[in-house]
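Got a predicted structure here, sequence first:
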Amino acid sequence: MTAHPEPLTHQQAPPLHDSAVRLREAGLAYDSRTLWNGLDLDVEPGEFLAILGPNGSGKTSLLRVLLGLQQLSSGTVEIAGTAAHRGNSRIGYIPQQRALEDSLALRGSDLVGLGLDGHHWGMGLRGRARRKRRVAETLHAVEASAYAKTPLGLLSGGEQQRLRVAQALVGEPDVLLCDEPLLSLDLSHQRRVSDLIARQARESRAAVLFVTHEINPVLPLVDRVLYLVDGRFRIGTPDEVMNSETLSELYGTDVEVARVGGRLVVAGTDNEQDHHVHETEQK
Ligand SMILES: Nc1ncnc2c1ncn2[C@@H]1O[C@H](COP(=O)(O)OP(=O)(O)OP(=O)(O)O)[C@@H](O)[C@H]1O
């Protein structure tokens, strides 16, 4: 007689890999205005997803949904297999670049240490030593050790942004949410900060969701693009989404996309704020 195998419980057979982010039939509307609807998206560990779209298309709102700060109007959202909720220690968040000039009392190592709040490593001597070690490791990884003790207000925008990246990474998150982290950085710092985010995320298998108006600084790092326009969206590789046919469909008008020296030039979106339409910025 053949023995029946024990039924597999969740504990015995965890899924081989869960998506870091999973949205199903997700929709978000404010009053009568639908930002997006029917959004099905899985972002895998280690994947780099760029989120593009004109002003007001709902990019930041999507990050707020993932952070548990905004309820979906329909559908579901999970982070590493658990429903999205506030204060989720599995998420690292890099907000838009803002100057920290008022923070004279705070130093880089303090800022990075704040990224461990909500992680339960214990407050005893051993817990404190582990926290300190982890902060030092992360400062080293973002090459910020040299100014870790300098008051934040005295640091340049690029230095401050590296510390924000460290703060988001220190808790070894499963998901890294980046809201236009390159704004107001010069081109060389844009490259350094985006390479750093991508490298660290790949090494720790974190999924990156990177909101940006300008795809070119991150184009070599991007696995897929989510492009939102006026309630419509497309998801795919940069080649699948960033082409004249797809963007013309999304915008409902003729859009031309050309590759010039490895960079994308997009013309015709008729959106002044949509940085990637400006060839002058394609230096
Ligand atoms: N809590 C809210 N209540 C009502 N409307 C809101 C709320 N939050 C955002 N909105 C509106 O939803 C739209 C999308 O906002 P969101 O900030 O997500 O867009 P975005 O794509 O990130 O824009 P940008 O590129 O300008 O940062 C905007 O028109 C905004 O005014």
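Received the coordinates, thanks.

Just the residues contacting the helix or strand containing residue 126, thanks.
For residue 126, the enclosing helix or strand under DSSP states H and E is helix 125-141. Surrounding helix 125-141, the residues in contact under the criterion Cβ atoms under 8 Å, 6 or more residues apart in numbering are 108-109, 112-113, 116, 121, 145, 148, 163, 166, 169-170, 196, 200. Using the backbone N, CA and C atoms, a C-beta is placed for each residue, glycine as well.

Could you do stretch 83-97 as well?
The contact list for stretch 83-97, computed with Cβ under 8 Å, 6+ apart, reads 63, 65-69, 76-80, 82, 115, 118-119, 157, 160-161, 164-165, 167-171, 173-185, 197, 206.

Buried ones only from those residues, please, as a ChimeraX command.
Only the buried entries of these go into this ChimeraX selection, using 16 or more other Cβ atoms under 10 Å:
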select :63,65,66,67,68,77,78,79,80,115,160,161,164,165,167,168,169,170,171,173,174,175,176,177,178,179,180,181,182,183,185,197,206
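
So which of the contacts of stretch 83-97 are in strands?
Applying DSSP state E to these, the entries found in strands are 76, 77, 78, 79, 82, 175, 176, 177, 178, 179.

pretty sure the third one is touching residue 26, no?
Read it as residue 78. No: using Cβ atoms under 8 Å, residue 78 is not in contact with residue 26, being 10.4 Å away.

For residue 87, which three-state class applies?
The assignment at residue 87 comes out as coil when based on DSSP: H, G, I helix; E, B strand; the rest coil.

can you list the residues of the stretch 1-150 of the chain near the ligand?
Listed as neighbours of the ligand in the stretch 1-150 of the chain under the rule Cβ under 6 Å from any ligand atom: 30, 35, 53, 55, 56, 57, 58, 59, 60, 61.

tell me the contacts of the closest residue to the third one other than its chain neighbours?
So the one you mean is residue 53. In space, residue 53 comes closest to residue 228 once its chain neighbours are excluded; the distance is 3.6 Å by Cβ to Cβ, 6 or more residues apart in numbering. Taking Cβ under 8 Å, 6+ apart as the contact definition, residue 228 lies against 35, 36, 51, 52, 53, 57, 58, 59, 62.

Could you rerun that using 10 Å?
Contacts here follow Cβ atoms under 10 Å, 6 or more residues apart in numbering; on that basis residue 228 touches 35-36, 39, 51-54, 56-59, 61-62, 211, 234-235, 250.

which regions of the stretch 101-250 of the chain sit below the pLDDT cut-off?
Across the stretch 101-250 of the chain, residues meeting the criterion (pLDDT under 70) sit at 101-104, 118-125.

Surely residue 252 is in contact with residue 232?
Yes: in this structure, residue 252 sits in contact with residue 232. The criterion is Cβ atoms under 10 Å, and the distance is 8.3 Å.

The residue nearest to residue 74 when sequence neighbours are not counted: what's it in contact with?
Taking Cβ to Cβ, 6+ apart as the measure, residue 74 lies nearest to residue 27, with 4.0 Å between them; neighbours along the chain are not counted. Residues counted as contacts of residue 27 (Cβ under 10 Å, 6+ apart) are 34, 35, 36, 37, 38, 39, 72, 73, 74, 75, 231.
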